[in-house]
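A.B. asks: pasting the structure only:
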């Protein structure tokens, strides 16, 4: 790799690239730098014809604990344009995963909170270990599930997604399979990794252009009617994260106390 990343790691093995989220000390929470590096990687990989698939994994105890709340809280110090730019970058990151011409697979373990679910949903396929725990936890901190919702609706029925967002409850890997967020769950990471490797071998034995065309067609049909809505999401996110309610939610989480609402 000719790119020096600070928040992710990339390993190349033939036609498969593994993208490791690598902020294990904060359970791979997404901050501005990590978001830019993920988007940058997918932009870089798009021109690499030798890369046909990307596996997204997390270092440490978790796949991804969602947005870094200190980063979100610090948005209050940004001006309007800076706040909107960061919100646009988050939306663009999910889009770069979803629209990649590569087959993108999430291999999940540990905690998957907030935006971590959006990252999994933006991937073509997702698998997890049975000990994985999921939560659309934004409501607990006064945030709305903004950037991730179009991708979650691609996997989860609207009525079920509402229940998960409104309650912010933790659900397990079997439920994640039932909801359609992940394809299958496995007892250990080793078994999961073996399955993913075998599956990619099957997938990549097919015609490359046929795979790309099929992915693009499915994505286009699945997201039909949403471009106008998606264009509004960064502004919505920018507004919410500097609201009094969200700022109190961030502070309460960081200070390990109950929000004052």
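C.D. replies: Received it, and whenever you're ready, just let me know what you need. This is a predicted model, so every value here is computed, not measured.

A.B. asks: and the strands in the protein, which stretches?
C.D. replies: Assigned by DSSP state E, the strands in the chain fall at 8-13, 16-21, 53-58, 103-108, 111-113, 125-129, 133-135, 170-172, 184-186.

A.B. asks: can I get those in CSV with distance to residue 244?
C.D. replies: Where you see a C-beta, it was placed from the backbone N, CA and C, and this is true even at glycine. Compiled in CSV, the strands of the chain are given as follows (distance: least, Cβ to Cβ, whole Å):
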stretch, distance to residue 244
strand 8-13, 33
strand 16-21, 31
strand 53-58, 32
strand 103-108, 34
strand 111-113, 23
strand 125-129, 35
strand 133-135, 24
strand 170-172, 27
strand 184-186, 39
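
A.B. asks: what's the closest of those to residue 33?
C.D. replies: Among the strands of the chain, the nearest to residue 33 by Cβ to Cβ is strand 8-13 (9.6 Å).

A.B. asks: and the angle for the closest one with strand 53-58?
C.D. replies: Using axes from the mean of the first three to the mean of the last three Cα atoms, to 10 degrees, the direction of strand 8-13 lies 140 degrees away from that of strand 53-58.

A.B. asks: got a list of contacts for strand 8-13?
C.D. replies: Applying Cβ atoms under 8 Å, 6 or more residues apart in numbering, the contact partners of strand 8-13 are 1, 3, 17-22, 34, 37-38, 41, 51, 59.

A.B. asks: packing partners of the helix or strand of the chain with the lowest mean pLDDT?
C.D. replies: The least trusted helix or strand in the chain, going by mean pLDDT, DSSP states H and E, turns out to be helix 227-241, with a mean of 78. Contact here means 3 or more Cβ pairs under 8 Å, 6 or more residues apart in numbering; DSSP states H and E; on that basis helix 227-241 packs against helix 80-98, helix 149-153.

A.B. asks: for the ones you listed, which one ends up most surrounded?
C.D. replies: Per residue and on average, the most neighbours among those fall to helix 149-153, with a mean of 22 (mean count of other Cβ atoms under 10 Å).

A.B. asks: does anything pack onto it? Which helices or strands?
C.D. replies: Packing partners of helix 149-153 (3+ Cβ pairs under 8 Å, 6+ apart): helix 115-122, helix 158-167, helix 227-241.

A.B. asks: out of the ones you listed, flag the one nearest residue 207.
C.D. replies: helix 115-122 (24.0 Å).

A.B. asks: avg pLDDT for that closest one?
C.D. replies: For helix 115-122, mean pLDDT rounds to 97.

A.B. asks: show me which parts of that helix are buried, residue by residue.
C.D. replies: For helix 115-122, burial by neighbour count (16 or more other Cβ atoms under 10 Å) applies to 115, 116, 117, 118, 119, 120, 121, 122.

A.B. asks: tell me how far the fifth one lies from residue 186.
C.D. replies: For residue 119, the distance to residue 186 equals 19 Å [Cβ to Cβ, to the nearest Å].

A.B. asks: and what of the fourth one?
C.D. replies: When distance is defined by Cβ to Cβ, residue 118 is 22 Å away from residue 186.

A.B. asks: repeat for the last one
C.D. replies: As defined by Cβ to Cβ, residue 122 lies at a distance of 21 Å from residue 186.

A.B. asks: picking up where we left off before, least reliable of the helices and strands packed on helix 227-241 by average pLDDT, please.
C.D. replies: helix 80-98 (a mean of 90).
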